[in-house]
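Student: What shape does this take:
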Amino acid sequence: MQTTNTTTTSALGLSWHNAYTKLRQFISHTPSIEISSNKALIPGDVKEEFYRLFDDVRVSFVKDYCPDVTECGLELSQQYKAVCAGIISEAGFDSIAISADLKWFLENPIDGLIRFLFDPLFKFLAGQIDAKEFEQVASLKITDAFAILFRDGYQRWVALSIIRRLLPDKSYRFPVIDALQDCLMGEGHEVPGQHKDEVPEAKEVRDISFDQHSIVSFVAPRATIHSRRTGNFVALHTDFREAEWTASRRSPDMEWHEIAALKTEYRLLKIRPDLIKKEWYELAPVLPDMALYTAGDVNNLALVSDFKYMLRPEINIAVMESSGWDEKVKLEDLKRRLLALNPRQGAFVICREELSPTAVAAFGNEDGLRLLHVGYDESTLEALASLISPPS
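Tutor: Okay, here's the model as predicted:
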C-alpha cells in the first residue's frame, strides 16, 4: 500500500493545512467556542459549522497521507457492498454483520479513517501537541489503520464470495459463552482448560455475522451455512483464538488435531498466548488466515477448537491483499502455515494482485498448495468452491 512521507510533503502546502487554517479562523472569530486540554465547549448554534470544518481537516489529511484510500479503499468498498447485496438478495438473509470499525471503513473508507483523527486533532487545537507531532501521530494512525482495515476487508470479501458460490439458503450460529456473559472468564479464576462443558448446538439465524468475542469458552466458526449447491453444511473460520474450556464431548464423526502435539511437532512451546487478546501467537506459524470445514450434520461443525483439540479443515486459505508479498514471505513458512493442519483438499493462496511468472512457477511445484489470482473476480473462486461440492 502507498503512504506519504511526512518529511517530504510538509513543505508542499498539503490540502489539510488550508482546511486547518479555515478551522482556526472560525474558532478565533467565534468566542463562544472553548477548547483546552481539559474542556471542549462547542455551543449548539455553531456546532454544525465547527464540525463541518473539523471534518474537512480530517478528510483532507486522510487524502494527503493515505492516497490509497481513494482508489484501493473505494474499490474494496464497492466490491464488498456488491457481494453482500448479492448474498442477502439470493439467500433471503436480513444482514451481514462485521465489527464497527470495519463496517465504517467498508461503508465509506474515508469516513472510516477520519474517526482515528478525532482525538489527535482536538489535542492539536488545544495546544497539547504541535503541528509536527500532530502530523506524526495522525499519519501513523491512519496508515496503520488503513493497512489493518484493508486486509480485514479484503478477507471478508473473499469469505463472502466463497459463501456466495456455495449458494447458501440457511445460516447458523453456535451460542458459546464469552467474557461478556461470564465476567470471570480469562481472569485467572481457574486454570484454562480446567472447566469442562457441553458444546452448544446450532441455532438458525437470519444473518451472517463474523463478530466473535476474543475470550470464549469454545471457538465456534465465524460463519456457518447450509449450501444448496453441496447439500451439506459449510463453516468458515478466521482469526483463530485460544478457547478457555475443554469440551466434554467432541464429535466422533470429525477428525481432530491435538494442540499440544502440534506445539511439540513444530517446536511452538511458548508458555501462553497473549493474555489480553488471547491470540495464539505460538501457533501462528501453523494457522491459516481462513479455514473451511464441511459436514452432513450442522452440529458436527460446532467446535473449531476447545482448549485441547482443533478440528481438521477441509481447505486452508491464505489471503494476500497487497502487492509484493511474495518477496517478503518465505514459501517454506507459507507452506507450513497452510498445510500443517493437513487440510483434506489442500490449501489456496488467494491474491488480490497478479504475481510475477517467477513466483507463479515457484508455487507450481508445491504439492497441495494452489495459487489463485482473484482480484475481485468471484468466478475465479470456482476452483476452490468445486472442491467442497459433492461429486457430480
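Student: right, and the helix or strand after the helix or strand residue 24 falls within?
Tutor: Residue 24 belongs to helix 15-28 when assigned by DSSP states H and E. Note on helix 15-28: by DSSP H and E, the next helix or strand toward the C-terminus is strand 34-36.
Student: Could you list every helix and strand in contact with that next one?
Tutor: Here strand 34-36 touches strand 39-41, going by 3 or more CB pairs under 8 Å, 6 or more residues apart in numbering; DSSP states H and E. The way it works is simple: take the backbone N, C-alpha and C, and place the C-beta from them, glycine included.
Student: who does the strand it packs on pair up with?
Tutor: Here strand 39-41 has these sheet partners by DSSP bridges: strand 34-36 (antiparallel).
Student: rewinding a little: what residues does the helix holding residue 24 touch?
Tutor: 33, 35, 49-50, 53-54, 56-57, 59-61, 63-64, 125 (CB atoms under 8 Å, 6 or more residues apart in numbering).
Student: Likewise for stretch 202-214?
Tutor: Against stretch 202-214 from outside (CB under 8 Å, 6+ apart): 87, 93-99, 156, 159-160, 163, 168, 170-175, 178-180, 220, 222-225, 238-239, 241, 277-279, 298-299, 301-302.
Student: Please indicate which of these are buried?
Tutor: 87, 93, 96, 98, 156, 159-160, 163, 168, 170-174, 178-179, 220, 222-225, 238-239, 241, 278-279, 298-299, 301-302 (16 or more other CB atoms under 10 Å).
Student: Break the protein down into its domains, please.
Tutor: When the chain is parsed with automatic domain parsing, its domains come out as 6-152, 168-388.
Student: any idea how far the shortest one is from the chain center?
Tutor: Spelled out, that is domain 6-152. How far domain 6-152 lies from its chain's middle: 20 Å, per CA atoms, centre = their mean, to the nearest Å.
Student: follow-up on the earlier one: please list the members of the contacts of helix 15-28 that lie in strands.
Tutor: Judged by DSSP state E, strands contain the following of the contacts of helix 15-28: residue 35.
Student: From the contacts of helix 15-28, list the buried ones, please.
Tutor: 33, 35, 50, 53-54, 56-57, 59-61, 63-64, 125.
Student: can you redo the residues you listed as a markdown table with pLDDT and distance to residue 290?
Tutor: Shown next, in a markdown table, are those (pLDDT from 0 to 100; distance: CB to CB, whole Å):
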| residue | pLDDT | distance to residue 290 |
| --- | --- | --- |
| 33 | 94 | 48 |
| 35 | 93 | 45 |
| 50 | 97 | 44 |
| 53 | 97 | 42 |
| 54 | 97 | 39 |
| 56 | 96 | 39 |
| 57 | 97 | 38 |
| 59 | 96 | 33 |
| 60 | 96 | 36 |
| 61 | 96 | 33 |
| 63 | 93 | 32 |
| 64 | 92 | 34 |
| 125 | 95 | 42 |
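Student: Mind checking which of those are in helices?
Tutor: Those of the buried ones among the contacts of helix 15-28 mapping onto helices are 50, 53-54, 56-57, 59-61, 63-64, 125, per DSSP state H.
Student: Redo the residues you listed as a markdown table? Include distance to residue 343.
Tutor: Shown next, in a markdown table, are those (distance: CB to CB, whole Å):
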| residue | distance to residue 343 |
| --- | --- |
| 50 | 54 |
| 53 | 53 |
| 54 | 49 |
| 56 | 49 |
| 57 | 48 |
| 59 | 44 |
| 60 | 46 |
| 61 | 44 |
| 63 | 42 |
| 64 | 44 |
| 125 | 53 |
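Student: Check the residues you listed against residue 345 and report the nearest one.
Tutor: residue 63 (43.4 Å; CB to CB).
Student: how far away is the closest residue to the closest one other than its chain neighbours from residue 319?
Tutor: Spatial nearest neighbour of residue 63, chain neighbours left out: residue 70 (6.3 Å); criterion: CB to CB, 6 or more residues apart in numbering. Per CB to CB, to the nearest Å, residue 70 is found 23 Å from residue 319.
Student: More neighbours: the two, which one.
Tutor: Comparing residue 70 with residue 319 by other CB atoms under 10 Å, the one with more neighbours is residue 319, at 22 against 13.
Student: so is the more buried one in a helix, a strand, or just coil?
Tutor: What DSSP: H, G, I helix; E, B strand; the rest coil gives for residue 319 is strand.
Student: so what's it scoring on pLDDT?
Tutor: For residue 319, the model assigns a pLDDT of 95.
Student: got it, and the one 4 residues further on?
Tutor: If you check residue 323, the pLDDT there is 79.
Student: which intervals of the stretch 51-200 of the chain have sub-threshold pLDDT?
Tutor: Where the stretch 51-200 of the chain drops to pLDDT under 70, the residues are 184, 186-190.
Student: coming back round to it: so which of the buried ones among the contacts of stretch 202-214 are in helices?
Tutor: Judged by DSSP H, those include 87, 156, 159-160, 163 as members of helices.
Student: Would you mind measuring from residue 349 to residue 289?
Tutor: Look at residue 349 and residue 289: by CB to CB, they are 10 Å apart.
Student: more crowded one of those two?
Tutor: residue 349 (28 against 21).
Student: follow-up on the earlier one: so what's in contact with residue 349 and residue 289 at the same time?
Tutor: With CB under 8 Å, 6+ apart, residue 349 and residue 289 have common neighbours 317-318.
Student: give the contact list for the residue nearest to residue 63.
Tutor: Contacts of residue 70 by CB under 8 Å, 6+ apart are 63, 109-110.
Student: so which of those residues would you say is closest to residue 131?
Tutor: Nearest to residue 131 among the contacts of residue 70, with distances taken as CB to CB, is residue 63, at 17.9 Å.
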